[in-house]
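Undergrad: Quick one: sequence and predicted model below, then my questions.
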Amino acid sequence: MAVRIVRLGSPRTADEGLRIGTVRRPPRGVPKSEFVSGDWYDVWFPNLAPSAETVKLAQHASTPAEWTAFTRKYRAEMAEPEHAHAIALLAALSHHTHFAVGCYCEDEAHCHRSVLRELLAEQGATFAPDA
């Protein structure tokens, strides 16, 4: 059992399980009826997405210092009890079932899902071998 960190809209792996969209908004121009069939997500969980203000920090981060500022702010948001409990829950679930969490960004290294991966790891999540 394990969690995968994925790019939403990318093809699913055979044993991926439930796909959770940790994004602020649903995919643009995609009918709700196609979220699952289009490999976007099965469940939308914006609770683990950065706030609009924090997203802007990430989008404009062009230096390591700016990316660090984004990371610090996103981590602070995820440390709030509502978000910290969700991360702990997902980390625990990773020991019992397959699922994936993801975002739309092409480059994981410049996306909140890279930080979410770290936060899940810090809570003891089990990751799929290629995750």
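TA: Structure's in. What do you need?

Undergrad: if you skip the residues just before and after it, what's nearest to Asn47?
TA: Nearest residue to Asn47, sequence neighbours excluded (Cβ to Cβ, 6 or more residues apart in numbering): Ala86, at 5.4 Å. All C-beta atoms are positioned from the backbone trio N, CA, C, and that covers glycine.

Undergrad: This structure: strands as residue ranges?
TA: 3-7, 18-21, 43-44, 99-103 (DSSP state E).

Undergrad: The third one pairs with which strands, and in what direction?
TA: With DSSP bridges as the test, strand 43-44 is paired with strand 18-21 (parallel).

Undergrad: quick check, distance from the partner strand to the centre of its chain.
TA: Computed by Cα atoms, centre = their mean, to the nearest Å, the chain-centroid distance of strand 18-21 equals 9 Å.

Undergrad: What would the lowest-mean-pLDDT helix or strand in the chain look like as PDB? C-alpha coordinates only.
TA: Using mean pLDDT, DSSP states H and E, helix 52-59 stands out as the lowest-scoring helix or strand of the chain, at a mean of 93. The C-alpha trace of helix 52-59 is given here as PDB (Å, rounded to 0.1, in the frame of the first residue of the first chain):
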ATOM      1  CA  ALA A  52      -4.300  32.100  -3.500                       C
ATOM      2  CA  GLU A  53      -1.700  34.400  -2.000                       C
ATOM      3  CA  THR A  54       0.800  31.600  -1.500                       C
ATOM      4  CA  VAL A  55       0.100  30.300  -5.100                       C
ATOM      5  CA  LYS A  56       1.200  33.700  -6.400                       C
ATOM      6  CA  LEU A  57       4.500  33.400  -4.500                       C
ATOM      7  CA  ALA A  58       5.100  30.000  -6.200                       C
ATOM      8  CA  GLN A  59       4.200  31.300  -9.600                       C
END
